[in-house]
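# The sequence and its predicted three-dimensional model are supplied below.
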Amino acid sequence: MKTFVIASFCLVALVSVYGFNYRNKEIKAEEGIEFFTGTWQQALEKAKKENKYIFLDAYASWCGPCKMMKHKTFTDKLVGDFYNKHFICVAMDMEKGEGPTLADKYSVEAYPTLIYFQPDGKLIGKATGFRKSKEFLEMGEQVVAKVK
């Protein structure tokens with residue numbers, strides 16, 4: 001009986017901790033970057049219409065640093081506030097759908113590749129590799145300041 005009570009207590013504690021962490025991840029994701037889910041052409045049209053820059057997260061599903069950016073950098077509230085205000089943000093797997101065509105067009109050779117465009121679709125610049133929130137935010141700020 002004692003073992004059953006202890007096991008039950010441990011199970012309840014485990015479920016409580018897991019549930020708490022899961023809810024926190026959902027809330028944090030809502031605070032970060034809102035990625036556009038349409039086609040590349042639709043993203044270009046939206047950027048032009050709203051006069052916003054475009055940020056393209058060129059990733060691969062198997063890429064560890066890409067996953068780290070998705071779960072750490074892109075969920076940061078300050079990053080989300082800035083990028084959502086100034087950019088149409090697109091995350092695209094470069095090995096599926098439109099990805100291979102864009103990877104060829106913009107010479108994506110490593111993941112993640114972070115690519116910035118003017119509202120009319122003209123390439124501004126790109127960088128490769130994982131970036132922590134502060135550095136990624138500074139990159140976006142430099143793009144906006146450079147073009148204005």
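Nice, thanks for sending it over. Numbering: from 1, shown residues only.

# Now do the helices in the chain.
Secondary structure of the chain (DSSP state H): helices at 2-31, 40-50, 64-68, 77-86, 99-105, 133-147.

# With respect to those, which exhibits the lowest mean confidence?
Ranked by mean pLDDT, those end with helix 2-31 at the bottom, a mean of 45.

# Would you mind measuring from residue 55 to residue 48?
Relative to residue 48, residue 55 is positioned 15 Å away (Cβ to Cβ, to the nearest Å). Where C-beta positions appear, they are placed from N, C-alpha and C, glycine not excepted.

# Among those two, which residue is more densely surrounded?
residue 55 (26 against 15; other Cβ atoms under 10 Å).

# what sits against that one?
Contact analysis of residue 55 by Cβ atoms under 8 Å, 6 or more residues apart in numbering lists 83, 87-90, 114-117, 140.

# Would you agree residue 90 is in contact with residue 56?
Yes: when contacts are counted by Cβ atoms under 8 Å, residue 90 is listed as touching residue 56 (5.0 Å).

# picking up where we left off before, what's the closest of the contacts of residue 55 to residue 38?
Distance to residue 38 across the contacts of residue 55 (Cβ to Cβ) is lowest for residue 90, with 8.5 Å.

# how deep is that closest one tucked in, by neighbour count?
Neighbour tally, residue 90, other Cβ under 10 Å: 25.

# That one bridge partners, please.
residue 36, residue 56 (DSSP bridges).

# What separation is there between residue 77 and residue 83?
Taking Cβ to Cβ, one finds residue 77 at 11 Å from residue 83.

# can you check residue 120 too?
From residue 120 to residue 83 the distance is 19 Å (Cβ to Cβ).
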